[in-house]
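# Next one to model:
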Amino acid sequence: MPATFVVGTGRSGSTALSRILNLHPDILSLNELLASLGPWALPENPLTGEEFWKILVSPHMIYTKIMRSGIMPPEFLYTQRPGRYSAETGIPALSLMVLPHLTEDPDGLLDELEPRVTQWPSRPVARHYEGLFGLLGARLGRRVAVERSGYSLQWVPRLRKAFPYAKFVHQFRNGPDCALSMSRHPGYRTMSLMREILERAGVSSLMELTPKHLAELPPEMTELLLSERFDPGLVLDRQVPVAKFGDLWSQWITEGVEYLAQVPDDARTTLAYEDMVRKPRVELIRLAEFIGVEPSDQWLETSESLLDSGRTGAALRLPPDQLSALRDSCAPGMRALSSP
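Below you'll find the model as predicted:
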C-alpha cells in the first residue's frame, strides 16, 4: 500500500488535516500513529509478530502518567468514548488516538487485529507496518496510507530508512502563531518541562538520567519523572514565557528542514496552514494529487467546512513586548522555512 507521512511540529492545523484525510474514501488516515507508539516505534532489529504487537498495544508511559494526573488532551480520542480500558488499566497505544479515529468500536477492531498480527513471522519492522496498513486498508476499504503525527519532524531520517519509497508532506504554520498555540497545550507544556529537566541535568535524553541527577532536581520535577501521577498544576499553571516555545519551534523547524532536504524533490511537498485555510480547494487538490487519490467535489466541499480561518494571526493579539520576544525566538525557524 502506498504510504505518505505528514510531518511537522504540531499545532499547525494537522489534527484538522487528519479529519479531512479520513473523509476521503481511498485514504487510510493513521492519526498520530508515531506519536502514540513513541520512540520504540521503529526498532532496527527484525521482530516477530508477537513482538510487533507488543509495540502496538503497550501503553505509552508518559501519556498514561498525564491521564492519571487528570490531564486529558483533546487528541486522546479513546478517553472521549471510553471502552474497556482506562488510564488506570493503561490504554493500548494503538487505541489511544489511531483506532478511535477510524471506527466507533476501537476495542472490537483491536480484537480483530491481534490474532492476525501475532502470527506474522520475524521480519523488519517496516514490513510489519506494511502488513498492518494492509489489514486496516482492506477492513475499511482504503487503498493509500497517510500517517500524520503532530510532533514528527525528528522522525524523518528513521522513516526514510525504513520506508525508502514513502512520500513526505511538511505541514507548518506561521511560527509565532504555532508557538503561542503550543504554550497553551498541555502536551507541549509537558515537553517544555521535560526539556528544562534535561537542561538542568546536563543530559540529552531521559534515558541518561541517573539517581544522582534525580537527587539534584527540584522535588516537583522528580515527582513528574518517578510517580505514577503528579500535580497537574506543575504543567498547567507553570509560568513559561511564550518565547520559550518559540525557541522550541525554531529548533524543530530548522532541524526538520535539514532532514527533509535529503528527500528527493518528487517525494516531498509542503503544506502551509495559512494557505490551507485561505485557499483550501487549491491546496487540497494539490495534496490529493501528491498522495495519489482523486479530489472529488464532495470531499472538497466537506473538507472546506472543517477549516477555520479565524485561527490565523493569533499571536498579533499578544502585548507588544511578548510579541517582539516571540518573533525573535521564531526568527531562525522562519528563515529556515523561507530558504530555497
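# Which residue is the nearest non-sequential neighbour of I27?
L21 (4.9 Å; Cβ to Cβ, 6 or more residues apart in numbering). In short, each C-beta sits where N, CA and C put it, glycine included.
# What number of residues are in the vicinity of that neighbour?
Applying other Cβ atoms under 10 Å, we find 28 residues neighbouring L21.
# residues of whatever helix or strand L109 lives in that come out buried?
In the assignment (DSSP states H and E), L109 maps to helix 106-117. Neighbour-count burial for helix 106-117, with 16 or more other Cβ atoms under 10 Å as criterion, is recorded at P106, D107, L109, L110, L113, V117.
# Equivalent analysis for stretch 83-93, please.
Buried residues in stretch 83-93 (16+ other Cβ under 10 Å): Y85, A87, G90, I91, P92, A93.
# okay, stretch 213-228 in CSV with CA atoms only?
What follows is stretch 213-228, C-alpha atoms only, in CSV (Å, rounded to 0.1, in the frame of the first residue of the first chain):
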residue,chain,number,x,y,z
HIS,A,213,20.7,13.6,38.6
LEU,A,214,17.3,12.9,40.2
ALA,A,215,18.6,13.7,43.6
GLU,A,216,19.7,17.2,42.4
LEU,A,217,16.4,18.1,40.7
PRO,A,218,13.6,20.0,42.5
PRO,A,219,11.2,17.7,44.2
GLU,A,220,8.3,18.5,41.9
MET,A,221,10.4,17.5,38.9
THR,A,222,11.4,14.3,40.5
GLU,A,223,7.7,13.6,41.2
LEU,A,224,6.9,14.2,37.5
LEU,A,225,9.5,11.6,36.5
LEU,A,226,9.1,8.9,39.1
SER,A,227,5.5,9.0,40.3
GLU,A,228,2.5,7.3,38.6
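# Leaving out chain neighbours, which residue sits closest to R200?
Excluding the flanking residues, the one nearest R200 by Cβ to Cβ, 6+ apart is L217, at 6.3 Å.
# Quick check: that neighbour touching I197?
Yes: using Cβ atoms under 8 Å, L217 is in contact with I197, at 6.5 Å.
# Helices along the stretch 51-200 of the chain, start to end?
In the stretch 51-200 of the chain, the helices defined using DSSP state H, counting those that start in this stretch lie at 61-68, 93-96, 99-102, 106-117, 125-140, 156-162, 175-183, 186-201.
# Could I get the ones you listed in CSV, plus columns for distance to K54 and mean pLDDT?
Formatted as CSV, the helices of the stretch 51-200 of the chain follow (distance: least, Cβ to Cβ, whole Å; pLDDT from 0 to 100):
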stretch, distance to K54, mean pLDDT
helix 61-68, 14, 93
helix 93-96, 10, 98
helix 99-102, 17, 98
helix 106-117, 10, 98
helix 125-140, 11, 98
helix 156-162, 18, 97
helix 175-183, 31, 97
helix 186-201, 24, 90
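# Just send those back as JSON lines, with distance to L226 too.
Formatted as JSON lines, those follow (distance: least, Cβ to Cβ, whole Å):
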{"stretch": "helix 61-68", "distance to L226": "10"}
{"stretch": "helix 93-96", "distance to L226": "22"}
{"stretch": "helix 99-102", "distance to L226": "30"}
{"stretch": "helix 106-117", "distance to L226": "30"}
{"stretch": "helix 125-140", "distance to L226": "30"}
{"stretch": "helix 156-162", "distance to L226": "29"}
{"stretch": "helix 175-183", "distance to L226": "26"}
{"stretch": "helix 186-201", "distance to L226": "12"}
